[in-house]
Every structure is written in C-alpha cells, then in structure tokens.
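Trainee: requesting a structural model of the entry that follows:
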Amino acid sequence: MKVKRQNKRKRKVNKIVKVTSWTILSLFLIGLLVLIGLVFGYKEHVAAIYDEANRKVEAINEGTFKNKTETIIHDDQGNVIKKVAVHDYFYIEDKAIKSDIKNAVIAIEDERFMEHEGYDLRAITRAGVELIKNKGAITQGGSTITQQLVKVQFLSLDKIYTRKIEEVIIAAKLEKRYTKVQILEFYLNNINYGNGAYGIETASKTYFNKSSKDLTVSEVAFLTAIPNNPSVYNPVRNKDNTLERRDLILFKMNDLGYITDRQYKEAIAQEIVLNMPEKEYEPETYEVSFALSSATKILMENEGFKFKYSFEDNEERLSYWDEYNDLFLQLNKKIRIGGYTIHTTIDMEKQKMLQESVNQQLADFTEKDTKTGLYKLQSASVTIDNQTGDVVAIVGGRTQEDISNTYNRAFLSFRQPGSIIKPFVAYTPAFERGMLATSQMTDKSIKNGPVNAYRSYRGLMTLREAVERSTNTIPFQLVSKYGPKEMLSYLEDMKFTNIVPEDNSAVIAIGGFTYGTSTLEMASAYSTLANNGEYVQPTGIQKIVDVTNTVLYENEHEKERVYDSGSAYLMTDVLKGVSTKSYGTGKGYGLSDMTVAVKTGTTNNNKDIWMAGYTPFYTTVVWVGEDIPKSMSNTRKAKEIWNDYMEKIHKGIKDQDFIKPDRISYMYINPKTGEVDKHDNHGWWKKELVPEIYFELQQSKKAEAKQTKEIPKAEVKKEKVEEPRVKEKRKELESDGATKEESNLEKNASSALADLERAVIREQSDIAYVENLKVKVKEAIENVKLPTVRENLYTRYNKQVNRLKAERNKIENPIPVEVPKPVEEKVKEVKPKEVKPTEPVTKPIIPEEDIGTTQPEPIEPAPKPEPKPKPEPKPEPEPKPKPKPEPKPEPKPEPEPKPKPVEEVKPEEPPAAGEGEEEGPSDSDINDLGNE
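Mentor: Predicted structure coming up:
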C-alpha cells in the first residue's frame, strides 16, 4: 500500500509540474504573440478571437460578478426540475474588505496589479526567463489578477493558445470598464477557496467560522494560499501544503512592506486551527445527479480531456483515473457554483413511472441496513430512446420517506453482468465471423469451464437455441475460439469504462469481469442492437449554455458503427425467442402487444439479477441486488420491474417490427448440411435470416487462399532479414536519446493502423469514416523515423487500402451475390477462419462452491475447437465424462434436478427443473459458471 501511495503522489507531483510548466511557457509565448499581433496587426488571425471576446464583454455587467446565478436544470420539455447553487454565499463590498486581504493577494498573485492594464508582459517574460533559469522549477506566475478573474468567470480551462489570447483581450477590456478597486473586489468575491467556498467572506466562515474582518494576518495568508490550486492546497486534506504556501505569502508581504518584521514573526509562529461548522446537505434526485455527471463529462471533453477505454497495464489505468478524477471534481464544482443552464433529455413522466415500478415491485422487501438505514435490496434501471440514443429515465435505487438515498447505482455501481453480456462478446461477433443462428455447436462439459443452469449438457444445438436457453458452454467456446481480447474490443468501442487487462479471459463470455459493468453501459449496448449495430453514447444532455449565453454543447446524436447491421439484426431476431419459446429463460415476461427482444441474467448464487430488453422504440435494463453482494432466493424481480414498466410506457403505441437492414435477407438452409440457397428446391429446407457478411466472408476466404498461393517465398525471407537492421538503427537512436520518442511514434502509428485493420466498409455511411482514418494512419506512419519500420507499416497500410478499396467498390458497384455450392459439412460452411486458442487464463474463474459438478483447477489454455460433426441427422453421442466427487450442496427450497445424459437430448424440451418456478436454476441465467 505504501508503494502505491508513493506512486500516486509521484504521478500527482509530476502532473502538477508538467501542467504548471506548460502554463508558464504558454503565457510567455502568448504574451509575445499578442504583442506582435498588436504591433504588426495580424488582423486576420486575431479577428475571430477578438469578436468572441468582445461579445462576452458586452454581456458583462456588475451583476455578473455580484450575483451567483444558479445552475438551472430542465427536463426534455423545458420545465425546471432543479436549481443548483452554492450554499451560504456571502458577497462583501470593497469597504468591508480589510487591507491585509488585498495586500496578501497582490503580493503573491500580481505585484504590479495597480500599474498594468490587465495583462503584464513584463511579468510573463520574467516568469518565462525564471522558468528557463531554474531548469523547469516554477518560481513565478504570469497571469494577472484581472486575467484570473476572466478565466474563472467566463472561459474554459483548456490549455490552448486561443483561450489565452481571448483571456488577455477580455482582461484589457475589463480594465477599461472598471476601476482597479472594483476588479479586486470582484476577484476576492468570486475566486475558489475550495470545499465549496467561493469568495473570501465565504471562505472565512467555512474554515474559521467567523467574518473575514476578524481574521489575523496569518489566517489571511493561509486562506490566500488556497486559490492557486484548491486541490493541492486543500486545508482539510493537505494542510501542510497550505501552511508552506502561507509562509511564502507572509515572506512576500514582509518583503514588499505590507507587514513589519514583528508582524511577520508573529504570523509565522501562529498555529492555524480550523473551525469548520457542519453544512446541511440537500440530496439530489437520480435524474439530477445523472444530468450533473453528464454535463461534467461534456465540459471535460470541451477542455480537451481524452477519454480512454483500454489500457496497456494497471499503472497506465491508475494514472488515467487520477487525471480523470481531478478534472471531474474541478469541473463538477464549477457547474455547481452556478451560471449554467442545462437542458436534459429526461422525460419526467417516464422517470416517475420507472421509479414507481421499482418501488412497487420491491415493496415486500423491507429489511434495512443497520448502519445506513437503507433498504438492503436495491435496484438500478435505465431507459434509452432508441430513435435518438438519449437517456429518458434513470433510477439509481429505491426511494424512502425517512432517509435520502442519493447513490445513483445506475451509472456509479459496477456489477457482474451475467448472461446479459453474451450477445456482445460471443454471439453477435460470431455472426460477424460467418456463423448463423442455425449453426450448431456442442453443449458439453469443458475442463475448468462453466456448467449450465439446467445442470446438464444437451449435446448439439443451434446458436439460436443456446441463446434462448442461456446455455453457458457454447458462448464460452466461442470466446475461447475467437479470443477474449478481440471480443473485449467491442465493449471498448461502446465505451465500457472498467475493462482491464485482467479481463482477457474466456470467462467474460458469461459475465466474469474484474470490476463489472454499469446498468447504463448495458442499456447503451442493447440500444446499439436495437439500432442495428450503431452506437450512440448515452447522455442525459440536450444542450448546455453558460452565463454569457454561449452554447457550450449541443447534442448532435453522433453514431458510430460497432457491429455489422445484418449481424446485429440477426442477434435481435434470436433474442425475440427468449420470451416466446417454451424453454426460453424470459418466457412469460415479454410485452402483451409489442414486439420485443429480451435477455435475462444472474451471477454467482443469484447475487445480481438482470433483465434487459428492447422494442423498436425503447431499451430498458434493470438490475436488482444488494450493495454488498448477497444471494437472493427470488430471481424474478428484475423481470417483473422490467415488464411492469415497459407495459406502461408502450401503452397506446402501435406495434411494429424492428427495421430489417439491407445487409440481411431470408434464405433457405438445409438443416442437415447447412447448405444455403435462395430457393427451396426440395420443399423441406428451413427459411432463415442470413447476413450479407456471411457471403462476403466465403468469397474473402477463397480470395485469401488464392492470394496465399501466389506469394513468393523470397518476400517472406526478406522480412526476416530486415530485423537485425532495425535493431542496429535502434542502437544508434539510443545513443542519441531518441529511443523513447521513436517508440511512442511507432506505437501511435501501430495503434492507428490497427484501427484501419479493424475498419470495414459495409454501408455507404462507412466510406467517409474510412477515408478520414486512412489520412490519420498515413500521417502517423510518416512520423516514424526508422526506414525499415516505416516500410513494414506501409506494407500493412497498403494491404488494408487495397482491401477497403475492394469493399468500397462492392458498395458503389454492387454485383449479384454468388451463392455457394452445396458442401458436405455444414459446420465448414458456416464457421469462420479458425483462431488459435488464447493464452492461459491467470485468474480463478469462480469460488469452489459455485462450480457445481466441476472442481476448480489451475486454468489451462482455452480448449481447441471441436471436430467438425458429420452431416448425419443425429450426432453420435459423446462418451460420458468420468464422475467427480460433488461438493456438499447448499440447502435450497427445491431439490436440484438430476443431470440428463447427452443422448437423451430433445431439442424442444423444457429444462429439467420445470417452467415458471419461483426459485431454482430454471429461473436464473447463470451463476457465473454454474447459473444461467
């Protein structure tokens, strides 16, 4: 733990030095740039910035600084649902501000405040020179008090030159409009003193519980230390840092003659004792907390923050989250100060309905936590409008009259997703790789693998039936075959935030993640299927406007393709059967008058219960469980909440089916061989959906096979010979100290190239994206200095360009699809190219008591793909596995059914445990490896 804390401190210190150094250098350069612009008249370059600065100044009046306007949150119809404002804000006039406070601020922040005209080129130049002289050590700042006032009141915090120029222009104009006395008054009443305290009077009452006129010189200097960096100089958490800066301020005040030597010694010797009164906390509703969080992330993006969803290692991940949390807290506080108008996507009618459904369906569960007083059994639910991708309702828990429950589990709580993850990491990717809903795989015992909720193995079954029954062994085999890392990339494309390197395991197929997923993330994933594979980042925001009526953000509902449209539609078609088939795990929980696709899920010992589903109109995902995971006997509550709520919001809406994209059509399939044909020439072939990608992959395999035969052997040898030359060049670069830079350039180029290799032109809308990506990749490759490495990258690049060119040509100049000739083996027809098994998994799959009939052992590499079955109507039965000693079963309300042997399979038979029981295996999807 000590090492972790040291590493975290080190990252934090390095970040502070880096940011501050950048700021000083930027100010130095900006000062020169502005000076040159003013002298030589770069009108075209400055015109747009000048106009924007002038517009903001015109909107300013004294009330802008004296009145802390609330941040107002509206629903989707423009009705106010919340006003957020700083509590206990105190504004004091200049005559009430004691001179020590003014002198302290001027001494440490802006010695020449009374002399300059808003910007101080001398100070900027001096700061830059001192930075160079002291080899990067920060000894002086460059921003004036007026510039700081402009920055906190009107501008974003992003570190770009245009913002710095705009800051200087506005500061100069403010100096012409207001006196120095007024500007200093505005500054002292608006600056951030941390912990929700804005303004010197508020800070005095917050930290010392007294008026600022009663502060000692030492206390004045202590408070003046905070605004430079309210996080680093937080008096509560980092008091030593605050005291150190206080001493510096006292030294400056003495040096400039603001205090005598005697006052200086007394102030240094004074012990600082905080006296912070307790503040009343006003709880926020779930829709408000989500709106504030969404707005904060939007401002982070405006500031230039780069969101990441995959990491090379945990050190990179922890460093990222340190940076994320620092900026999030900073901007979240800025929003809560006031001055913003936030227009949300929340439909308050649906919000109330969702909350009511959660409360009513869980009303019988009244057990409370002895410490918090909250109900132990909780729920989280999210509804997304499939037409827009907007979040229209979000509930993070049950409401209680006697206590506030403000923890929004819907986007803050990450839980194991169980079987509801299967469509995204197993089945839809399998369809993208040429498998069909009719493709068959063997449900069988797997060493160190999962068991099924129905406690038996049913032999050969189609992927459609595997989804409907929520079989565990088949998705596990699929992820093992295609590779967990490749499957995780789909979740990263849908911006799942807690995917870590340790998740590179086949157990993700049935919901085994290190940290889990949120209800919001799962809702956005299912909405992606509802939109035929196009992802829209879920948000609760339509528009954000600041105090000067500047539109900071407007939702454009940008779409990003994650899955092939035909494959996504096929997944939707398969999910329809979960609630309609007699053996489906969601049987009885569909909607009465509406087409619906659903998926159920549970985790170890029923600790997490899920229900996910969507119509052409809305997607809703429901989670039920306890904050501290605990087994539950009733596994139906998530289904009941989902069904009750979805029936309500679809009332009066006319039923319609999901829109079928052009990239999928009905074909006839020989159920014995898997042969696909446009016509049923035999009268008994089954009519099934077949995505266009199925035929494309068949043709691609033929082309690749032909191309492989034509590759000269000399080319392969050439690549192997080049490696030593690369190593030699690396040694030369190492002597010049350029290895790290070159490595980063190679990494960037390789990463960009990987994006291009994953890109596919399936539809007309994909062409523009691919063209932009090609430009990005080419630029990244050009930055690589090593000729041999650059050549290798270009070889890969050209290969992808040719591939994409062919795909584009198919879209722009379509030709009749060649239907494959009959094949002897159906599996060969539908299975994609074999992938080598992944490396051994290094983490245990589940606790021993959850594994059912399979004992935990050290994890071995994923099993090899099963031999292709012969095309007989009935497969030969597999030999029975040798029985292993079973652990003592935990007591259950209903006895477990005996496992059925493989040879007793009847495809349309319901699970052995029976249908519709309130408890027991048939009502659950997985137990990580033993439940549904």
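Trainee: secondary structure element holding the nearest residue to residue 423 once chain neighbours are set aside?
Mentor: Leaving aside its chain neighbours, residue 423 sits nearest to residue 571 (5.3 Å; criterion: CB to CB, 6 or more residues apart in numbering). Where C-beta positions appear, they are placed from N, C-alpha and C, glycine not excepted. Using DSSP states H and E, residue 571 falls within helix 565-580.
Trainee: for that helix, buried residues please.
Mentor: Using 16 or more other CB atoms under 10 Å as the test for burial, helix 565-580 gives 565-579.
Trainee: now swap in stretch 662-676 and tell me
Mentor: Across stretch 662-676, burial judged by 16+ other CB under 10 Å covers 663-664, 667-670, 673-676.
Trainee: and for stretch 349-367?
Mentor: 350-351, 353-355, 357-359, 361-362, 365.
Trainee: of those residues, which belong to helices?
Mentor: Within the buried residues of stretch 349-367, residues falling in helices by DSSP state H are 350-351, 353-355, 357-359, 361.
Trainee: dump those into JSON lines; add distance to residue 434 as well.
Mentor: Formatted as JSON lines, those follow (distance: CB to CB, whole Å):
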{"residue": "350", "distance to residue 434": "40"}
{"residue": "351", "distance to residue 434": "43"}
{"residue": "353", "distance to residue 434": "42"}
{"residue": "354", "distance to residue 434": "39"}
{"residue": "355", "distance to residue 434": "44"}
{"residue": "357", "distance to residue 434": "41"}
{"residue": "358", "distance to residue 434": "41"}
{"residue": "359", "distance to residue 434": "47"}
{"residue": "361", "distance to residue 434": "42"}
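Trainee: a markdown table for those, including distance to residue 152 and pLDDT?
Mentor: Shown next, in a markdown table, are those (distance: CB to CB, whole Å; pLDDT from 0 to 100):
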| residue | distance to residue 152 | pLDDT |
| --- | --- | --- |
| 350 | 38 | 98 |
| 351 | 34 | 98 |
| 353 | 41 | 98 |
| 354 | 38 | 98 |
| 355 | 37 | 98 |
| 357 | 43 | 98 |
| 358 | 40 | 98 |
| 359 | 42 | 97 |
| 361 | 47 | 97 |
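Trainee: just name the closest of these to residue 192, please.
Mentor: Nearest to residue 192 among those: residue 351, at 32.5 Å, using CB to CB.
Trainee: all strands for the stretch 651-800 of the chain, in order.
Mentor: Under the criterion DSSP state E, counting those that start in this stretch, the stretch 651-800 of the chain contains strands at 664-669, 676-677, 686-691.
Trainee: buried sites along the helix or strand encompassing residue 301?
Mentor: Following DSSP H and E, one finds residue 301 within helix 286-302. For helix 286-302, burial by neighbour count (16+ other CB under 10 Å) applies to 286-300.
Trainee: out of those, which is nearest to residue 210?
Mentor: For those, the nearest to residue 210 is residue 292 (31.5 Å; CB to CB).
Trainee: quick one: that closest one from residue 197, how far?
Mentor: 19 Å (CB to CB, to the nearest Å).
Trainee: now do residue 699
Mentor: 67 Å.
Trainee: just residue 357 next, same as before
Mentor: Distance from residue 357 to residue 197, by CB to CB: 41 Å.
Trainee: with residue 245 instead?
Mentor: For residue 245, the distance to residue 197 - CB to CB - is 17 Å.
Trainee: and these two? Which one has more around it.
Mentor: residue 197 (25 against 19; other CB atoms under 10 Å).
Trainee: give the contact list for that one.
Mentor: Applying CB atoms under 8 Å, 6 or more residues apart in numbering to residue 197 gives the contacts 203, 205-207.
Trainee: could you do residue 374 as well?
Mentor: 368, 397, 400, 403, 405, 627.
Trainee: give me that answer again for 6 Å
Mentor: Applying CB atoms under 6 Å, 6 or more residues apart in numbering to residue 374 gives the contacts residue 405.
Trainee: for it, phi and psi?
Mentor: phi -80, psi 150 (degrees, to the nearest 10).
Trainee: show me the protein divided up by domain.
Mentor: 2-69+93-187, 712-812 (automatic domain parsing).
Trainee: for the residue of the chain most remote from its centre, what are phi and psi?
Mentor: The outermost residue of the chain, judged against the average C-alpha position, is residue 262 (56.2 Å), by CA atoms, centre = their mean. The phi/psi pair for residue 262 (degrees, to the nearest 10) reads phi -70, psi -40.
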